[in-house]
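*Asks:* Make a model of this:
(one chain, ligands or ions: 2)
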Amino acid sequence: MPLILDTPSESSIESVYDIHEERRRLHHDADVVVVGAGVLGSALAVAFADQGRSVILLEKSLKEPDRIVGELLQPGGVQALEKLGLRHCLDDIDAITVKGYGVFYYGKAVEIPYPSNAVEQSEGNEKLNKISKRAEGRSFHHGRFISKLRAAALSHPNITVFETEVTSLVTSNSERTPGIIGVQTLTKKVQQDYFFGSLTVVADGYNSKFRKQYSTVTPISKSKFWGLELHHDSCPLPMPNHGHVILSEVAPILLYQIGSHETRALIDIPENTPSASVAAGGVKNYLTNAVLPNIPSSVRPSFQAAIEAGHLRSMPNSFLPPTVNRTPGLALLGDALNMRHPLTGGGMTVALNDVVLIKSLLSPETVPDLDDATLVLRQLRAFHWQRKNLTAVINILAQALYSLFAADDKQLKYLQRGCFRYFQLGGNCIDGPVGLLAGIIRQPLVLFYHFFSVAFLSIWVMLCEQGVVGALTGWSAVQGVLIFYKACVVLFPYIWAECQS
Ligand SMILES: Cc1cc2nc3c(=O)[nH]c(=O)nc-3n(C[C@H](O)[C@H](O)[C@H](O)COP(=O)(O)OP(=O)(O)OC[C@H]3O[C@@H](n4cnc5c(N)ncnc54)[C@H](O)[C@@H]3O)c2cc1C
Ligand SMILES: *[C@@H]1O[C@H](CO)[C@@H](O)[C@H](O)[C@H]1NC(C)=O
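*Replies:* Ligands and ions are numbered 1, 2, ... in the order given. Take a look at the predicted model:
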């Protein structure tokens, strides 16, 4: 509309939107280009757009994903969604309320409810209500949740979504402004395109194509999760609305409901497990012979039916410690930046809390112009350290707990048993660990405290087993030292990994 000087600001603001929209659509130019519309990319696009940034979101396939990952969102992730104004993405997807965990150890069970959320100060009865309100997570079909996040991005006036596969990052060759200025893509496998932004965010997931070039670390994977989908109706789980962790002579097994009628089973199979090798009859045989007998009896029929139905799928369980982004114009985020074993279901909680933190560190008030690459890099360094309180806890806990739960030597088996005994004590011995796992307690020292409490309890249990005389022998002393040593060997490398930049 040309020159209508005295009309109210509404239409002129609209035309500013239009200009930005047109620049994205026609010129492929925005403040931020986000690669990958997964958990992190979709949420981050909305977060930036809500701040008035102009955002281009690129995704290779907008079809609803069908994957065995990201199906249980911890309470700390639900809280992050709330902060981002995206809580509604958990509505109408047939999500299941998760109230905590059930740990099954050689048939014995202990319930581990999520603790209460931090109590907000308020008066009288209201306060009582809030104290009694326990934190809740949600489990669901991954694809349905992603589709909701994408829908939020698609309907946002400050975001334009393109279905196209990013093939390479575009580097500026000017000496004055080195760094990444955008991406090259392939649309429908034939058409080459370019997209440009002041900041390019790479959030292309666990198998990131661009990580290798811009990061010094590579993922390590020592096991895979094999996924089965069970019918829930005829075989309900022993502890409804809880994630089930099954510990037995095989590596850990997870069971949780992901819809009114469906239950997910994830079976960890460490690399080079002889009984799962092709020679021994492969994974299907392993599931029938080694895993099935350890499944709670009420679930066994649906587990067996799922094995027989086939459709087995697997994903590598990776560990990738985070590093500082050093390339001007670029930010590597989500699984592309940092991964931990999915045993504790922490990935999406980390991703969503990272979005909350990035949103504040790169807000227009702090960084008016994202072209200021030096300032952006400084803020990304701050991001690396500030995210530790939550993510270091989740990363270390996932890795350490996996070592115990997949115990493959004598000391680890002692620690595994000690851990279960610790949970049986109840009170703070469960509130602490599950509060850390849930993303509610954000204090690395609390993790340290509980981990070594488990180690000492394991030694104590071992000594008690020996009886008064046995406990005084040299053998027990050696075992005690070995258990303690093992606990250190399990924990310290992961703490060390978090101290790197
Ligand atoms: C077996 C398993 C189970 C898990 N279970 C849980 C769980 O219960 N709870 C939990 O919180 N976390 C879980 N996780 C971790 C969680 O799935 C991830 O942390 C999370 O999905 C990471 O989000 P992201 O956005 O970084 O990556 P993704 O969600 O993988 O998204 C990446 C996106 O990028 C797109 N993309 C990739 N390459 C390109 C390209 N070149 N061009 C354009 N687009 C591209 C992809 O199509 C995809 O949409 C699990 C992981 C595994 C392996
Ligand atoms: C979109 O961006 C504009 C600034 O360009 C901002 O004023 C507006 O609030 C944003 N819209 C939404 C829905 O957040």
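*Asks:* Tally up the residues packed near the residue nearest to L352 when sequence neighbours are not counted, please.
*Replies:* The shortest distance from L352 to any non-neighbouring residue, by C-beta to C-beta, 6 or more residues apart in numbering, is to A80 (3.7 Å). Using the backbone N, CA and C atoms, a C-beta is placed for each residue, glycine as well. By the criterion of other C-beta atoms under 10 Å, A80 has 26 neighbours.
*Asks:* chain center to stretch 240-252: distance?
*Replies:* Mean-position distance between stretch 240-252 and its chain equals 19 Å (C-alpha atoms, centre = their mean, to the nearest Å).
*Asks:* So this structure: which segments form each domain?
*Replies:* 3-83+140-217+320-371, 220-318, 390-499 (automatic domain parsing).
*Asks:* looking at the ones you listed, which is closest to ligand 1?
*Replies:* In terms of C-beta to the nearest ligand atom, the element of these nearest to ligand 1 is domain 3-83+140-217+320-371, at 1.9 Å.
*Asks:* List the contacts of T273.
*Replies:* By C-beta atoms under 8 Å, 6 or more residues apart in numbering, the contact set of T273 is A251, Y286.
*Asks:* so how far is G439 from it?
*Replies:* Between T273 and G439 the distance is 31 Å, computed by C-beta to C-beta, to the nearest Å.
*Asks:* repeat for Y206
*Replies:* Separation of Y206 from G439 (C-beta to C-beta): 20 Å.
*Asks:* Also Q379?
*Replies:* 23 Å.
*Asks:* ditto for L463
*Replies:* In terms of C-beta to C-beta, L463 sits 35 Å off from G439.
*Asks:* between the two, who's got more neighbours?
*Replies:* G439 (29 against 17).
*Asks:* For this structure, which helix or strand comes out least confident on mean pLDDT?
*Replies:* helix 124-132 (a mean of 51; mean pLDDT, DSSP states H and E).
*Asks:* Contacts for the following helix or strand past that one next, please.
*Replies:* Downstream of helix 124-132, the next assigned helix or strand under DSSP states H and E is strand 137-139. Residues outside strand 137-139 that contact it (C-beta under 8 Å, 6+ apart): 71-75, 77-78, 90, 95-99, 114, 243, 256-258, 264, 438.
*Asks:* show me what contacts the closest residue to ligand 2 within the stretch 1-150 of the chain?
*Replies:* Nearest residue of the stretch 1-150 of the chain to ligand 2: G52, at 3.4 Å (C-beta to the nearest ligand atom). Counting by C-beta under 8 Å, 6+ apart, G52 makes contact with N158, P364.
*Asks:* For it, which three-state class applies?
*Replies:* When classified by DSSP: H, G, I helix; E, B strand; the rest coil, G52 comes out as coil.
*Asks:* ok, now which ones touch the most centrally placed residue in the chain?
*Replies:* What sits nearest the mean C-alpha location of the chain, by C-alpha atoms, centre = their mean, is G347, with 0.5 Å. Going by C-beta under 8 Å, 6+ apart, G347 touches V39, V69, G70, D335, M339, R340.
*Asks:* Keep only those of those residues that are also close to ligand 1.
*Replies:* Counting by C-beta under 6 Å from any ligand atom, the subset of the contacts of G347 that neighbours ligand 1 consists of V39, V69, G70, D335.
*Asks:* how many other residues sit next to the second one?
*Replies:* Neighbour count of V69, defined by other C-beta under 10 Å: 19.
*Asks:* What helices and strands are in contact with the longest helix anywhere in the chain?
*Replies:* Assignment by DSSP state H gives helix 444-471 as the longest helix of the chain. Packing partners of helix 444-471 (3 or more C-beta pairs under 8 Å, 6 or more residues apart in numbering; DSSP states H and E): helix 388-405, helix 410-425, helix 428-437, helix 474-499.
*Asks:* any chance of those helices in JSON lines, with mean neighbour count too?
*Replies:* Converted to JSON lines, the helices and strands packed on helix 444-471 look like this (neighbours: other C-beta atoms under 10 Å):
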{"stretch": "helix 388-405", "mean neighbour count": "23"}
{"stretch": "helix 410-425", "mean neighbour count": "20"}
{"stretch": "helix 428-437", "mean neighbour count": "22"}
{"stretch": "helix 474-499", "mean neighbour count": "15"}
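*Asks:* closest one to S298 among the ones you listed?
*Replies:* In terms of C-beta to C-beta, the element of the helices and strands packed on helix 444-471 nearest to S298 is helix 410-425, at 20.7 Å.
*Asks:* how much does that closest one deviate in direction from helix 428-437?
*Replies:* 110 degrees (axes from the mean of the first three to the mean of the last three C-alpha atoms, to 10 degrees).
*Asks:* Can you work out which other helices and strands pack against helix 410-425?
*Replies:* For helix 410-425, the elements it packs on are strand 100-105, strand 108-113, helix 388-405, helix 428-437, helix 444-471, helix 474-499, judged by 3+ C-beta pairs under 8 Å, 6+ apart.
*Asks:* Can you name the residues that contact the nearest residue to R264 once chain neighbours are set aside?
*Replies:* Take R264 and drop its neighbours on the chain: the residue closest to it by C-beta to C-beta, 6+ apart is I258, 4.8 Å away. Residues in contact with I258 (C-beta under 8 Å, 6+ apart) are E71, L72, I96, S139, F140, H141, E229, R264.
*Asks:* Among the residues you listed, which ones are in strands?
*Replies:* Under the assignment DSSP state E, the contacts of I258 contribute L72, I96, S139, E229, R264 to strands.
*Asks:* which of those tops the neighbour count?
*Replies:* L72 (26 neighbours).
*Asks:* My guess is that residue contacts T344. True?
*Replies:* No - the pair L72 / T344 is not scored as a contact, 9.4 Å apart, by C-beta atoms under 8 Å.
*Asks:* on that earlier part again, where helices are concerned, which of the ones next to ligand 1 among the contacts of G347 count?
*Replies:* V39.
*Asks:* and ligand 2, which of the ones next to ligand 1 among the contacts of G347 reach it?
*Replies:* Of those, not one also sits near ligand 2 (C-beta under 6 Å from any ligand atom).
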